[in-house]
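S.K.: Sequence and computational prediction follow.
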Amino acid sequence: MADRDRGTDQASPASAAETAAERRRRRAQFLRELHEARELRDRVQPRRARAARMRQQMRMRTFRW
């Protein structure tokens, strides 16, 4: 709980913009690591990765725009 509240007590707009920039940087890092982990999992478990691709293709085929 304390981790979530950290950084919210800053009142100046400059520090708020800095906090937003820091948040974007951390989010970009997280997404890079997530993508890397998914690629690793796909290499380690090719059958599961293929099944997931097939399910996604079926979802896209049956999706109504």
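M.R.: Okay, I see it.
S.K.: can you map out the helices along this protein?
M.R.: Using DSSP state H, the helices of the chain run over 2-5, 13-44, 46-62.
S.K.: I'd like to know how far Trp65 sits from Gln57.
M.R.: Trp65 sits 16 Å away from Gln57, going by Cβ to Cβ, to the nearest Å. C-beta here means a position set from N, CA and C on the backbone, and glycine is covered the same way.
S.K.: out of the two, which sits in the busier spot?
M.R.: Using other Cβ atoms under 10 Å as the criterion, Trp65 and Gln57 rank with Gln57 on top: 10 against 2.
S.K.: That one and Leu34, how far apart?
M.R.: For Gln57 relative to Leu34 (Cβ to Cβ), the value is 22 Å.
S.K.: can you list the weak-confidence ranges in this structure?
M.R.: Within the chain, the stretches with pLDDT under 70 are 1-14.
S.K.: can you rerun that using 90?
M.R.: 1-18, 42, 63-65 (pLDDT under 90).
S.K.: middle-most residue in it, spatially?
M.R.: Nearest residue to the geometric centre of the chain (Cα atoms, centre = their mean): Leu31, 4.0 Å.
S.K.: what sits against it?
M.R.: Leu31 makes no contacts at all, as judged by Cβ atoms under 8 Å, 6 or more residues apart in numbering.
S.K.: do you know how far it is from Arg25?
M.R.: Distance, Leu31 to Arg25, using Cβ to Cβ: 11 Å.
S.K.: Equivalent analysis for Pro46, please.
M.R.: 33 Å.
S.K.: same thing with Trp65?
M.R.: From Trp65 to Arg25 the distance is 35 Å (Cβ to Cβ).
S.K.: ok, now Arg43?
M.R.: Using Cβ to Cβ, one gets 28 Å for the distance from Arg43 to Arg25.
S.K.: next one: Ala17
M.R.: For Ala17 relative to Arg25 (Cβ to Cβ), the value is 13 Å.
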